[in-house]
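Q: Make a model of this:
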Amino acid sequence: MIRAGRLKYAQTLAGLAAHLGVAPGTLRNKGLHIQEGHPAPISSPTARAILWDSEQTAAFHAGRPVPPLPQTDDDEDLLDLHEAAAELGVATASWRVYKKHPLLAEHMVMVPKEGGTEHWPRRAVRAFKDSRPGQGAGGGRRTGSGDMVPRDQILPRIGELLDENPEVTLTEVSDILGVAKFPTAQAGLVQARGLRIADRVEADPDLDPAEAAERLGYPRATHKGAVAAARAELHARSAVPYLQGVADALARAGLAEPVQVQIRQLAGGHLAAAVPLVAGQDVPALVWDERYGWRTAVSRRHPIGKDTGTRPEGEGIRYLATGTRPEPEDLLVAFTGEEKQR
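A: All right, here's what the predicted structure looks like:
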């Protein structure tokens, strides 16, 4: 680590070579930085880039006594990612996820400034640790408290965490985003993994969802739920071209506004979708259910209605055309024909 107040002394291998008046390659070949008695690096042993304290190296190469560095931890110490992860008590892979949190990102320091490595003040890491739900004095989300991230942003944010670390845990998602573990973080993780598995399978149709989960690096314990979510997503996507074709045909006929069809998954994984009709029609929308085909709706706000597991019937509900996927033209004839007979 870079001890408090000593950032100005942080020295790279190139900086050490320049101080000695040799090329970096010469320094490495001659082992000038690893000779007996040479000051130890101040970077962690697993750091990508090695750093030294230039005051120490200058003294050593001038034949003077090497001044000691402070040994007491200070809030202003600068920690690299390995040291920051250790301070927080998490794996390095988890830190790569946590570091994007605003409480940490705003305090990140590059050493050196150009092309350097990331460091964080110890105080920032400690403050983040204390702020994590369930951590530190007063930590933890109050019972019944709302999620910190807006609902429509939760899935994209979880996706970002997965892209950074495929093995991100339920606890980490909950802590980083400030959302409830159950059901928010749990359901979001399953859905986000399922979406990415579906994307991978779409890109390579010969790939099985379980194989896609393996290639994406998802922990084996998460495969069952994620693969099920992926299969449901792929099933829904398979219906989109047909449903969008019907919606576009209705729009061209002046019966509906141009819309992008939204598919809803009912209990049991059954698919349904609704196409709102323009004002002036006798019904507010047409509804498609993969079990029963097309029908008219009686409500504009909730056209699909509650799924009871049985075929919807009642006043205002009429089934159109034949089969569950009639051609758009056949559906138009059935709908407008019935309208003319009324």
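
Q: I figured residue 304 hits residue 288, correct?
A: No: here residue 304 does not reach residue 288: they are 9.2 Å apart, not a contact under CB atoms under 8 Å. All C-beta spots, glycine's among them, are computed from the backbone N, C-alpha and C.

Q: What segments of the stretch 201-342 of the chain are strands?
A: Counting by DSSP state E, counting those that start in this stretch, the stretch 201-342 of the chain has strands at residues 263-265, 271-276, 285-289, 293-296, 319-320.

Q: quick revisit: list residues touching both of residue 304 and residue 288?
A: By CB atoms under 8 Å, 6 or more residues apart in numbering, residue 304 and residue 288 have these common neighbours: 272, 273, 274.

Q: so the first one touches residue 288, yeah?
A: This means residue 272. Yes: in terms of CB under 8 Å, residue 272 counts as a neighbour of residue 288; the distance is 6.5 Å.

Q: Settle it for me: which of these two has more neighbours?
A: Between residue 272 and residue 288, residue 288 has the larger neighbour count (other CB atoms under 10 Å), namely 26 against 20.

Q: and that one, what does it touch?
A: 243, 246, 272, 273, 274, 275, 294.

Q: and it, bridged to which residues?
A: Per DSSP bridges, residues listed as beta-bridge partners of residue 288: residue 273, residue 294.

Q: Against residue 331, how distant is it?
A: From residue 288 across to residue 331, the span is 9 Å (CB to CB, to the nearest Å).

Q: Repeat that for residue 6.
A: Separation of residue 6 from residue 331 (CB to CB) stands at 75 Å.

Q: Report how many residues lie close to residue 239.
A: Neighbourhood size, residue 239 [other CB under 10 Å]: 17.

Q: Equivalent analysis for the one 10 residues further on, please.
A: The burial metric for residue 249, expressed as a neighbour count using other CB under 10 Å, is 17.

Q: Which residue, other than its chain neighbours, is closest to it?
A: Spatial nearest neighbour of residue 249, excluding adjacent residues (CB to CB, 6 or more residues apart in numbering): residue 328 at 3.6 Å.

Q: overlap in contacts of residue 288 and residue 331?
A: Common neighbours of residue 288 and residue 331, using CB under 8 Å, 6+ apart, are 246, 294.

Q: ok, and for the helix or strand containing residue 174, which residues are buried?
A: Remark: residue 174 resides in helix 170-177, with elements defined by DSSP states H and E. Of the residues in helix 170-177, 172, 173, 174, 175, 176, 177 count as buried by neighbour count, 16 or more other CB atoms under 10 Å.

Q: Can you get me a residue count around residue 284?
A: Residues near residue 284, counting by other CB under 10 Å: 19.

Q: quick one: it from residue 71, how far?
A: Between residue 284 and residue 71 the computed distance is 74 Å (CB to CB).

Q: The most centrally placed residue in the chain: what secondary structure?
A: Residue closest to the average C-alpha location in the chain (CA atoms, centre = their mean): residue 159, at 2.0 Å. Reduced to three states with DSSP: H, G, I helix; E, B strand; the rest coil, the structure at residue 159 is helix.

Q: Find the nearest non-adjacent residue to it, please.
A: For residue 159, ignoring the flanking residues on the chain, the nearest one in space by CB to CB, 6+ apart is residue 192 at 4.9 Å.

Q: pretty sure that neighbour contacts residue 163?
A: No: here residue 192 does not reach residue 163: they are 9.5 Å apart, not a contact under CB under 8 Å.
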